[in-house]
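Asker: Sequence plus predicted model, see below.
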Amino acid sequence: MILEPLFEQFLNKSAISVMARATIEHALSASALDKLFDRTAQSGYTRELLFSSLVDLMCLVVSGKALHVQSAFQQIRDQIPVTLKSVYEKLQRLEPQVAAELVRHVAGRSQGLIEALGGTCQSLLPNYRVRILDGNHLAATQKRLKVTRQHKAGPMPGQCLAVLDPALAVITDVIPCEDAHAQERALLEQVLPLVRAGDVWIADRNFCTADFLCSLQQEQACFVLRRHSNLTVQPQKEFGPEVETETGWASEQPVWVCRDGEGLLQTRLVRLRLKKPTEDGDEEILLLSNLPGEAADAAKVSGLYLKRWKVEGAFYELTMTLQCEVNTLGYPKAALFAFCVAVSAYNVLAVVKAALRAVHGEERVEKEVSGYYVALEWSLVYAGMMIALPPEGWKVFGEMATQELAGYLREWASKVNMLKIKKAPPRKPTKNKTKRDKDASPHLSTARLLEEAKSEGKKRSEKRNKSL
């Protein structure tokens, strides 16, 4: 298929779509997905409706090729040997651990490709494996379920903790929770099996508990966490001299993390006095870290914490570029599965970006490439490409060795028109906000406003000419 003229036409016109489809076949092959379900699921069966078919269906939704599950079902109903009702019943019973394992599987396949491409990002801290942890609550859904219709409040179908590898720009793990009102801290026990010696875990204050800090220390891992006000620390010395950074002035002091007056863990408290207050009005940020001073001084520790925006950027891209929150899915298990499929699609696009970094350089891709336009091109071209080039022809990429596929991806990345996926220039902030007039009517005629403005412009021009 690689030498087919039609394939070459798509490659020349939309190399990104070809790269994404080949990566999907490599990371999400049907046989591997069905084995994953058999290995992970504790209940359920796949006698007629395969797990791989569910993933294909949900991929259409999260990538914007279908508005909801029903429209996706209509598009591929000849490939699904069951009714729409059966599909919905399967989704609402799909176990969260299966969805989480899907993310891990795709992340592992994506990691192999990114490393083979040589498309990793510059390490945030050399000689350490950095992980960024954050939580995401799924947005409220439509009130389709009977139990939600009598309530005015929006029903939230769940939440997830996500772990980002900033070197790969891949979300490696997702910890789903069906209870949207559960404390994020209650999920930290499920994070600990992911911790390795030599890690650096970066997280916000919601995750700053004495037990979590001590557990990371016991695993010989390091942390950079914003201090929660409820966590007691006992200073051992005064703050040292301040060092100026891009965002403020950093200093540190040694402290004990305490519980009931007893010292549990000796660590560093880094204070960053901000040049510009946060959106919440905070003028300083307090961070706890057990990183050795020779590996990261106070300025470096504060800089590491500020890299948390990378996971926030991933969530933004999942929400705005990929439909990770499908508001028609009210059942928690179905909504969490949709989120995990969106994360898998995000990791596929991370491979595409890694190929672009390998060819065009990390700095250019970071500054110029828009994740929105990358996903948009994939979405617009994909459906037509799959009609012209049926799925059977792509199986070669699923069976292809990682190094060989990485070579093709690197070659195809050189054909990408970078102008088509370039970020729009940032808008300058408005200095003088327009004052609003109080109108007598709730609606206005735009045509009349334009005509009035044109007439006033003529009058000013005539007046100016007379004065000359």
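Answerer: Yes, it's here.
Asker: what about Arg436, distance to His443?
Answerer: Distance, Arg436 to His443, by C-beta to C-beta, to the nearest Å: 15 Å. In this view, the C-beta of every residue, glycine as well, is placed from N, C-alpha and C.
Asker: swap that for Asp211, please
Answerer: Following C-beta to C-beta, the distance that separates Asp211 from His443 is 58 Å.
Asker: buried sites along stretch 328-335?
Answerer: Within stretch 328-335, the residues scored as buried using 16 or more other C-beta atoms under 10 Å are 329-335.
Asker: ditto for stretch 304-314
Answerer: 304-308, 310-311, 314.
Asker: Show only the entries of those residues found in strands.
Answerer: Among the buried residues of stretch 304-314, no residue falls in strands (DSSP state E).
Asker: What about the residues you listed, which are in helices?
Answerer: Using DSSP state H, the members of the buried residues of stretch 304-314 that fall in helices are 304-306, 310-311, 314.
Asker: Which helix or strand contains Ile285?
Answerer: Assigned by DSSP states H and E, Ile285 belongs to strand 284-289.
Asker: list the helices and strands that strand packs on?
Answerer: Secondary-structure packing of strand 284-289 (3 or more C-beta pairs under 8 Å, 6 or more residues apart in numbering; DSSP states H and E): strand 222-226, strand 248-259, strand 262-274, helix 298-306.
Asker: just those: most buried one?
Answerer: Of all those, strand 222-226 carries the top mean neighbour count, a mean of 25, counting by mean count of other C-beta atoms under 10 Å.
Asker: which intervals of the stretch 1-150 of the chain have sub-threshold pLDDT?
Answerer: 1-3, 44-46 (pLDDT under 70).
Asker: residue boundaries of the strands in it?
Answerer: In the stretch 1-150 of the chain, the strands defined using DSSP state E, counting those that start in this stretch lie at 129-137.
Asker: how much does the helix ranked longest in the chain deviate in direction from strand 129-137?
Answerer: When the chain is parsed with DSSP H, its longest helix is helix 332-360. Counting by axes from the mean of the first three to the mean of the last three C-alpha atoms, to 10 degrees, helix 332-360 points 140 degrees away from the direction of strand 129-137.
Asker: any idea which helix or strand comes after helix 332-360?
Answerer: Per DSSP H and E, the first helix or strand lying C-terminal to helix 332-360 is helix 362-368.
Asker: so what's the residue nearest the centre of the chain closest to, chain neighbours aside?
Answerer: Taking C-alpha atoms, centre = their mean, the centroid of the chain lies closest to Ala314, which sits 2.6 Å from it. Of all residues not flanking Ala314 in the chain, Leu164 sits nearest, at 5.8 Å (C-beta to C-beta, 6 or more residues apart in numbering).
Asker: likewise Ala169?
Answerer: The spatially closest residue to Ala169, leaving aside those adjacent along the chain, is Ala350, at 4.9 Å (C-beta to C-beta, 6+ apart).
Asker: show me the contacts for the one you found.
Answerer: Contacts for Ala350 (C-beta atoms under 8 Å, 6 or more residues apart in numbering) come out as 110, 114, 168-170.
Asker: Just to be sure, which of the residues you listed are found in helices?
Answerer: Secondary structure defined by DSSP H assigns 110, 114 of those to helices.
Asker: May I ask which two of the contacts of Ala350 are separated the most?
Answerer: Greatest spatial distance in these: Ser110 and Ala169, 9.6 Å, computed using C-beta to C-beta.
Asker: Trp394 and Ala22 touch, don't they?
Answerer: Yes: at 6.8 Å, Trp394 and Ala22 qualify as touching, with contact defined as C-beta atoms under 8 Å.
Asker: Go through the ones in helices among the buried residues of stretch 304-314 and say which is closest to Leu36.
Answerer: The closest of these to Leu36 turns out to be Ala314 (C-beta to C-beta; 22.8 Å).
Asker: wait, what's in contact with that closest one?
Answerer: 162, 164, 169, 171, 346.
Asker: ok, now Arg144?
Answerer: Contacts of Arg144 (C-beta under 8 Å, 6+ apart): 328, 330.
Asker: circling back: give the rounded mean pLDDT of the longest helix of the chain.
Answerer: For helix 332-360, mean pLDDT is 92.
Asker: so how far is that helix off the chain centroid?
Answerer: Between the centre of helix 332-360 and the centre of its chain there are 8 Å (C-alpha atoms, centre = their mean, to the nearest Å).
Asker: Equivalent analysis for stretch 31-45, please.
Answerer: 25 Å.
Asker: Out of the buried residues of stretch 328-335, which two sit at the greatest distance?
Answerer: Gly330 and Lys333 (10.5 Å).
Asker: Point out where the stretch 301-450 of the chain drops to low pLDDT.
Answerer: For the stretch 301-450 of the chain, the ranges with pLDDT under 70 are 429-431.
Asker: ok, what's across the strand from Cys258?
Answerer: Partner residues in beta bridges with Cys258, using DSSP bridges, are Thr232, Gly263.
Asker: which residues touch it?
Answerer: Cys258 neighbours (C-beta under 8 Å, 6+ apart): 210, 232-234, 264.
Asker: Mind telling me the two of the residues you listed farthest from one another?
Answerer: Ala210 and Gln234 (12.4 Å).
Asker: And these two? Which one has more around it.
Answerer: Ala210 (17 against 13; other C-beta atoms under 10 Å).
Asker: Please verify my assumption that that one contacts Gly263.
Answerer: No: assessed by C-beta under 8 Å, Ala210 is found out of contact with Gly263, at 10.5 Å.
Asker: what sits in contact with each of those two?
Answerer: Common neighbours of Ala210 and Gly263, counting by C-beta under 8 Å, 6+ apart, are Val257.
Asker: Look at Asp211 and say how many residues are nearby.
Answerer: 13.
Asker: Helix, strand or coil: sort out it for me.
Answerer: helix (DSSP: H, G, I helix; E, B strand; the rest coil).
Asker: OK, contacts around it?
Answerer: Leu188.
Asker: separation between it and Pro235?
Answerer: Taking C-beta to C-beta as the measure, Asp211 falls 22 Å from Pro235.
Asker: Quick one: the helices in the stretch 51-200 of the chain, in order.
Answerer: 51-62, 69-75, 84-92, 96-117 (DSSP state H, counting those that start in this stretch).
Asker: Show me what the shortest one is packed against.
Answerer: In terms of contact count using 3+ C-beta pairs under 8 Å, 6+ apart, helix 69-75 is assigned the packing partners helix 51-62, helix 84-92.
Asker: quick one: buried residues of it?
Answerer: Buried residues in helix 69-75, counted by 16+ other C-beta under 10 Å: 69, 72-73.
Asker: ok, and what's touching it?
Answerer: For helix 69-75, using C-beta under 8 Å, 6+ apart, the contacting residues are 57-58, 60-61, 65-66, 80, 84, 87-88, 91, 326, 328-329.
Asker: chain center to it: distance?
Answerer: Mean-position distance between helix 69-75 and its chain equals 25 Å (C-alpha atoms, centre = their mean).
Asker: go on, the first one?
Answerer: Its chain's C-alpha centre and that of helix 51-62 lie 19 Å apart, by C-alpha atoms, centre = their mean.
Asker: Give me the angle between that helix and helix 96-117.
Answerer: Put simply, helix 51-62 runs at 80 degrees to helix 96-117, going by the same axes, to 10 degrees.
Asker: Alpha carbons only: can I get helix 51-62 in PDB?
Answerer: Backbone C-alpha positions of helix 51-62 (Å, rounded to 0.1, in the frame of the first residue of the first chain) are rendered in PDB as follows:
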ATOM      1  CA  PHE A  51     -13.900  -4.100  22.600                       C
ATOM      2  CA  SER A  52     -12.000  -2.900  19.500                       C
ATOM      3  CA  SER A  53     -15.300  -2.000  17.900                       C
ATOM      4  CA  LEU A  54     -16.300   0.200  20.900                       C
ATOM      5  CA  VAL A  55     -12.900   2.000  20.700                       C
ATOM      6  CA  ASP A  56     -13.400   2.600  17.000                       C
ATOM      7  CA  LEU A  57     -16.900   4.000  17.600                       C
ATOM      8  CA  MET A  58     -15.800   6.300  20.400                       C
ATOM      9  CA  CYS A  59     -12.800   7.500  18.400                       C
ATOM     10  CA  LEU A  60     -15.300   8.900  15.900                       C
ATOM     11  CA  VAL A  61     -17.000  10.900  18.600                       C
ATOM     12  CA  VAL A  62     -13.900  12.300  20.400                       C
END
